[in-house]
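*Asks:* below are the sequence and a predicted model for it; my questions follow.
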Amino acid sequence: MSKYMCAQSVTLLMNQISTEKNPYLGGDERARILRSFLFSLALTPLLLLIEPARRIVSLEVTLAAIALGIFLGIGAAIGLTDVNLQVANNVTASIVVLVSICVATIAVWLIVPHQHIGAVLQFSVAFIWAMPITELLYHRLRTSEPS
């Protein structure tokens with residue numbers, strides 16, 4: 001019985017700590033947008049240093065990949081704006097993210113021809129920049145409205 005109570009108190013303590021406002025992880029929308037910009041800034045050179053990203057096979061494919069990345073980045077930013085992920089179980093969320101990444105990777109390898117893999121990287125760069133820009137504009141428009 002004491003093991004059960006100890007596990008329950010540890011779980012309660014962990015839940016209490018994870019729901020507190022943390023200036024680095026907390027619910028401040030400006031901090032979240034800043035983290036998103038910093039993530040985009042750090043990830044862009046890594047994606048563009050990969051050799052297939054610098055090779056443009058076809059102008060049409062590259063423009064389509066960039067346009068699709070921007071469109072889906074805007075859609076993801078608007079769609080996820082009011083989603084509260086603080087109530088999600090961390091283990092479940094991690095498993096869902098890992099499975100989603102695996103499924104998306106397999107789908108990309110099956111759908112996209114090998115010579116157009118560079119377009120996937122260009123899509124990724126467009127996507128990771130469209131999200132924070134849209135979040136910033138959405139935040140600005142929402143905070144500038146009179147309450």
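*Replies:* Perfect, thanks for sending it. Because the structure is predicted, anything quoted here is derived from the model rather than measured.

*Asks:* check which helices and strands the host helix or strand of residue 42 is in contact with.
*Replies:* For residue 42, the enclosing helix or strand under DSSP states H and E is helix 29-49. For helix 29-49, the elements it packs on are helix 117-144, judged by 3 or more C-beta pairs under 8 Å, 6 or more residues apart in numbering; DSSP states H and E. Where C-beta positions appear, they are placed from N, C-alpha and C, glycine not excepted.

*Asks:* thinking again about what came up before, alpha carbons only: can I get the helix or strand that the helix holding residue 42 is followed by in CSV?
*Replies:* Later in the chain than helix 29-49, the nearest helix or strand by DSSP H and E is helix 51-54. The C-alpha trace of helix 51-54 is given here as CSV (Å, rounded to 0.1, in the frame of the first residue of the first chain):
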residue,chain,number,x,y,z
GLU,A,51,23.1,18.7,-50.5
PRO,A,52,19.8,17.8,-52.0
ALA,A,53,18.2,21.0,-50.7
ARG,A,54,20.6,23.1,-52.7
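
*Asks:* what residues are up against residue 65?
*Replies:* 119-120, 122-123, 126 (C-beta atoms under 8 Å, 6 or more residues apart in numbering).

*Asks:* where does it fall, phi/psi-wise?
*Replies:* Backbone torsions of residue 65, given as degrees, to the nearest 10, read phi -60, psi -40.

*Asks:* SS state for residue 56?
*Replies:* Secondary structure state of residue 56, per DSSP: H, G, I helix; E, B strand; the rest coil, is coil.

*Asks:* can you give the contact residues for the helix holding residue 42?
*Replies:* 23-24, 53-54, 121, 124-125, 128-129, 131-132, 135-136, 139.
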